[in-house]
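Enquirer: Sharing a sequence plus its predicted fold:
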Amino acid sequence: MGSFTFFADRPVEKYRRTDKGLLVSILLLWGLGIFTLYICSPNTGLRLFNEKYYFVERQLVSSIIGFAGLVFFAFVPMDKIRKILPYIVVGTFLLCFATLLPGIGVEKKGARRWIRIPFLSTFQPSEAAKMMVVLFLANWFTKQNELSDSSERKILPAIIGLVAFVVVIIVAQKDFSTGTFIFLIGLSIFFISGEKLIWILPFALLAVPACILLISMEPYRISRVAAFFNPSEYTQTSGYQLFASKRAISSGGFWGNGFGSGLSKINYIPEVQTDYIFAGWAEATGFVGVIAYFAALVFFAWCSFKIAFTTPNRFASYGTFGCALSIVAQSILNCAVVCGAIPTTGIPLPFFSSGGSSIIMTLCMCGFILNASHCSAQDEVQNVSKYENVDINNLDGVVIENE
């Protein structure tokens, strides 16, 4: 198979201003997420913590940290991000390992996905691993494209040396869905980077039997698959959450039940504030609200992928594509689970699901995309040695070729 690239003839343009449409879409989705938590989580918060808005308050605190991360990744120059990337990779590795250590890792329902942060709360390193893998591969393939001699290009270490290793650690935490998701995001960046497709084939062939094996190793995964194919037999067991979710969605009708006491069905969904919060939004706003949510998501996707395919900085292009794909694909997967279109997974809904780790890393990825929107052509020229003698103040007629 030959190689190709989506970014072969990107225009050399000067991006000076942050994409306002993207910023609006980010704030809109975040605001909708906070509002949905506000209307869906009071009963759960009152029952578990004797505080109606417990989850809303925690989400707001996490959002402050997340917006700080957004500002950091939005304004630190791309070349500086590439320089600190090794520290990000090593730090994320250590955090992922720490979940398996007694006294540091926190076990919930048989899974060790979190680490304890003194005097604060917990953090889920697998959420940070999503962004880390995206940036690592973006940087790796940017370096590979800068090599004129194909014999010097090294592809396998990028997949085997990091992505597969990260996936193994996350699966060891009993987070199969996140591990699989990161693996697929990694393959997607490999695909759009322009490398030979023959490299992907072995991993694609191994992925299917590996998934079947991992599913068969855990009884709860088998029951989830069984509940998906035969939901009527599991409405009171492993399929109860999905059964209650569907009932809440259908009760919303076309216009929804409003935002007050009419929301009764979501009270039957266990931990509605996490992975199944979209069912609460659907019950409250009905079909109209569901369409409005997907319109906002499509707008965010359009703004993000437009930046990915037009920004002249190759590292920013690959990184933006990976970050945008991670957020959009995760959103679609979560909605598909809530509606019963695919088997139940542990993938949260970005911007909406309660969880500090998710909202923090989602906003950090949004910051990177915003950064890419105001990258200038000068950033790319400065990073390519063959153009080191080019006057970057006069870029008319300069074409940055695809190596």
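Expert: Thanks, I have the structure now.

Enquirer: any low-confidence regions in the stretch 201-350 of the chain?
Expert: Scanning the stretch 201-350 of the chain for pLDDT under 70 picks out 203, 260-264.

Enquirer: Strands of that one, start to end?
Expert: Taking DSSP state E, counting those that start in this stretch, the stretch 201-350 of the chain contains no strands at all.

Enquirer: quick one: buried residues of stretch 26-38?
Expert: Residues 26, 28-30, 32-34, 36-37 are the ones in stretch 26-38 that count as buried (16 or more other CB atoms under 10 Å). Yep, even glycine has a C-beta here, placed from its N, CA and C like the rest.

Enquirer: Among these, name the ones in strands.
Expert: Using DSSP state E, no member of those sits in strands.

Enquirer: of all the residues you listed, which comes closest to residue 304?
Expert: residue 26 (9.4 Å; CB to CB).

Enquirer: Chain neighbours aside, what residue packs nearest to that closest one?
Expert: Excluding its sequence neighbours, the residue lying closest to residue 26 (CB to CB, 6 or more residues apart in numbering) is residue 366, at 4.9 Å.

Enquirer: thinking again about what came up before, list just the nearest of the buried residues of stretch 26-38 to residue 282.
Expert: Closest approach to residue 282 among those (CB to CB): residue 36, at 10.0 Å.

Enquirer: for that closest one, what are its contacts?
Expert: Contact analysis of residue 36 by CB atoms under 8 Å, 6 or more residues apart in numbering lists 277, 280-281, 284, 352.

Enquirer: Give me the distance between it and residue 174.
Expert: Going from residue 36 to residue 174 by CB to CB, to the nearest Å gives 28 Å.

Enquirer: rewinding a little: give me the number of residues near the residue nearest to residue 26?
Expert: Here the count is done by other CB atoms under 10 Å, and residue 366 has 30 residues near it.

Enquirer: Show the pLDDT at residue 91.
Expert: What the model reports as pLDDT for residue 91 is 94.

Enquirer: What degree of burial does it show, as a neighbour count?
Expert: 14.

Enquirer: What of residue 248?
Expert: Using other CB under 10 Å, residue 248 has 28 other residues around it.

Enquirer: Do I have it right that it meets residue 282?
Expert: Yes. Between residue 248 and residue 282 there is a contact at 6.8 Å, judged by CB atoms under 8 Å.

Enquirer: Surely residue 113 is within a strand?
Expert: Yes. Assessed by DSSP: H, G, I helix; E, B strand; the rest coil, residue 113 belongs to a strand.

Enquirer: Okay, it and residue 334: tell me how far apart.
Expert: Per CB to CB, residue 113 is found 17 Å from residue 334.

Enquirer: Excluding chain neighbours, give the residue nearest to residue 99 in space.
Expert: Residue 99's closest residue in space is residue 105 (CB to CB, 6+ apart), at 4.1 Å.

Enquirer: what do you get for residue 234?
Expert: Spatially, and ignoring its direct neighbours in sequence, residue 234 is nearest to residue 227 (3.8 Å; CB to CB, 6+ apart).

Enquirer: can you check residue 362 too?
Expert: residue 350 (4.6 Å).

Enquirer: and the one you found, what does it touch?
Expert: 29, 327, 330-331, 334, 358, 362.

Enquirer: any idea which of those is the one closest to residue 74?
Expert: Nearest member of the contacts of residue 350 to residue 74, counting by CB to CB, is residue 362, at 13.7 Å.

Enquirer: elements contacting the helix or strand containing the closest one?
Expert: According to DSSP states H and E, residue 362 maps onto helix 356-373. Under the contact definition 3 or more CB pairs under 8 Å, 6 or more residues apart in numbering; DSSP states H and E, helix 356-373 sits against helix 20-40, helix 54-75, helix 78-98, strand 122-123, helix 125-145, helix 277-310, helix 314-339.

Enquirer: out of the ones you listed, nearest to residue 185?
Expert: helix 314-339 (5.5 Å).

Enquirer: which of the residues in that closest one are buried?
Expert: Those would be 314-335, 337-339, for helix 314-339 by 16+ other CB under 10 Å.

Enquirer: tell me the angle it makes with helix 54-75.
Expert: Orientation note: helix 314-339 sits at an angle of 160 degrees relative to helix 54-75 (axes from the mean of the first three to the mean of the last three CA atoms, to 10 degrees).

Enquirer: can you give me the angle helix 314-339 makes with helix 78-98?
Expert: Using the same axes, to 10 degrees: helix 314-339 against helix 78-98 is 40 degrees.
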